[in-house]
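Enquirer: What follows is a predicted structure for the sequence shown.
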Amino acid sequence: MISGIILSGGKARRMKGEKAFRIVNGKYLIEYTVNLLNEMDIPFVVVFKNDNEKSENIKNLEKDFFKKYRQTITWDLESNKGPLMGILSGMRVLNAKWVLVLPCDMPFINRDAIGNLIKYIDIAEKEKKNCIIPMDENGYIEPLFSLYMRSSLEILDKMLKNPSNKNLSMRSFIEYLSPLYVDVKEIDKTKKVFININTLEELKKINSKVQ
Ligand SMILES: Nc1nc2c(ncn2[C@@H]2O[C@H](COP(=O)(O)OP(=O)(O)OP(=O)(O)O)[C@@H](O)[C@H]2O)c(=O)[nH]1
Ligand SMILES: [Mg+2]
């Protein structure tokens with residue numbers, strides 16, 4: 001019923017490139033999410049960025065990654081469109097009813113947090129909601145740690161096909177959906193799980209903290 005999308009594209013400008021394959025305590029950053037989904041038996045697709053702008057080194061890392069994990073990998077259908085294009089590209093190759101969208105840069109990701117999110121599926125279905133989004137007390141949302149019904153692909157498709165639509169933010173996508181918002185503390189009391197790594201300084205710091 002659930003499949004995952006691990007978003008691994010983007011420019012990673014703040015990190016000077018290639019976030020997914022940065023090393024965090026002996027593992028690639030992306031492997032924290034990959035290993036967890038494997039452990040939880042949630043099939044997933046990894047969506048990397050579009051090919052033509054990538055170094056040979058990264059292409060090889062992607063190939064090695066595929067060989068090691070034997071999970072589906074794919075690439076953004078169009079480049080430089082942001083995470084929505086990643087989600088669209090991932091949803092296209094999945095057929096689960098619910099899609100768990102995750103980033104590649106959350107090394108504190110854990111089973112409890114994912115389990116807590118998944119628990120809301122029943123409520124969402126009863127209330128006819130088509131996505132489940134963690135939100136904090138200030139209204140800050142975590143749309144890249146969220147569940148979406150695969151049927152929202154149609155809306156996404158329309159949004160991305162419309163050339164006059166310049167706003168391709170996660171928020172604008174969610175405006176077209178019927179979200180079930182969940183308090184971030186119901187997902188992780190400490191909120192630590194939502195820490196994501198954006199800069200080389202953060203990478204350095206985290207290297208001494210992640211076990
Ligand atoms: N497939 C795909 N994933 C993306 C894209 N943009 C961002 N992501 C992913 O979304 C997650 C959060 O992205 P950001 O932290 O904003 O990463 P970023 O945009 O690459 O980094 P900055 O340029 O520093 O903002 C990460 O897992 C990225 O890999 C995209 O265009 N395509
Ligand atoms: Mg970004």
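Expert: Yep, it's here. Ligands and ions are numbered 1, 2, ... in the order given.

Enquirer: Distance from the chain centre to the longest helix along the chain, please.
Expert: Counting residues, the longest helix found in the chain (DSSP state H) is helix 56-69. Distance of helix 56-69 from the chain centroid (Cα atoms, centre = their mean, to the nearest Å) equals 19 Å.

Enquirer: go on, stretch 159-177?
Expert: Centre-to-centre, stretch 159-177 and its host chain are 17 Å apart (Cα atoms, centre = their mean).

Enquirer: ok, residues contacting it?
Expert: Stretch 159-177 is contacted from outside by 78, 81-85, 88, 130-131, 133, 141, 143-144, 148, 152, 155-156, using Cβ atoms under 8 Å, 6 or more residues apart in numbering. For glycine as for every other residue, the C-beta is placed from the backbone atoms N, C-alpha and C.

Enquirer: Now intersect the residues you listed with the helices, please.
Expert: Those of those lying in helices (DSSP H): 83-85, 88, 155-156.

Enquirer: With pLDDT, neighbour count and distance to residue 175 as added columns, please give the residues you listed in TSV.
Expert: Formatted as TSV, the ones in helices among the contacts of stretch 159-177 follow (pLDDT from 0 to 100; neighbours: other Cβ atoms under 10 Å; distance: Cβ to Cβ, whole Å):
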residue	pLDDT	neighbour count	distance to residue 175
83	97	21	15
84	97	20	12
85	97	22	18
88	98	23	16
155	95	15	10
156	96	20	12
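
Enquirer: Looking at those residues, which is nearest ligand 1?
Expert: The closest of the ones in helices among the contacts of stretch 159-177 to ligand 1 turns out to be residue 83 (Cβ to the nearest ligand atom; 4.5 Å).
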